[in-house]
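Enquirer: one predicted model, sequence on top.
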Amino acid sequence: MTQILAFDFGLARIGVAVGQSITQTASPLNTLKANNGAPDWQQIEILLQQWQPSKVIIGEPFNMDGSDQAITVQARKFGNQLHGRFGVQIEMVDERLSSAAAREAIFDFGGYKKLKKSQIDSVAAALILESWFANHSEF
């Protein structure tokens, strides 16, 4: 069984999810706080040690027309730093509409009472990872 971590990068919060190759499903984990895009690298190191992923998927934010957003470069930088610090294999994945889909999934589950910003980011990370699984059946 292969474990894969996914991150939904943001300037204030970074959503985290874990998935595994057998079921090709993902589960949201706790969202990490970020300071203007800078994560707590110690928390990320703990996640990497805990889950020992063979790969890390990072959502790559694009505008609907496919052009870069202001945050796209920062998400790529986060991926490069993650690879440089820990040597993990990184793959960027188009994340258009993942946060909107996460809000919808949370709302469907429990309505507005369940709609917390901290949950949206990690649910979005899980959706990003499941999207990646759907396009990588060989994993």
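Expert: Happy to help now that I have it.
Enquirer: flag the shaky bits of the protein, pLDDT-wise.
Expert: Counting by pLDDT under 70, the chain shows low-confidence ranges at 1, 96-118, 137-139.
Enquirer: quick one, longest helix in it?
Expert: For the chain, the helix with the greatest residue count under DSSP state H is helix 117-134.
Enquirer: packing partners for that helix?
Expert: Helices and strands touching helix 117-134, as assessed by 3 or more CB pairs under 8 Å, 6 or more residues apart in numbering; DSSP states H and E, comprise strand 3-8, strand 13-20, strand 25-28, strand 55-60, strand 90-94, helix 98-110. C-beta here means a position set from N, CA and C on the backbone, and glycine is covered the same way.
Enquirer: buried sites along it?
Expert: The neighbour-count criterion (16 or more other CB atoms under 10 Å) identifies 119-133 as the buried residues of helix 117-134.
Enquirer: ok, now stretch 67-80?
Expert: The neighbour-count check on stretch 67-80 (16+ other CB under 10 Å) flags Thr72, Gln74, Ala75, Arg76, Phe78, Gly79 as buried.
Enquirer: any chance of the residues you listed in JSON lines, plus distance to Pro28?
Expert: Converted to JSON lines, the buried residues of stretch 67-80 look like this (distance: CB to CB, whole Å):
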{"residue": "Thr72", "distance to Pro28": "23"}
{"residue": "Gln74", "distance to Pro28": "22"}
{"residue": "Ala75", "distance to Pro28": "18"}
{"residue": "Arg76", "distance to Pro28": "23"}
{"residue": "Phe78", "distance to Pro28": "18"}
{"residue": "Gly79", "distance to Pro28": "20"}
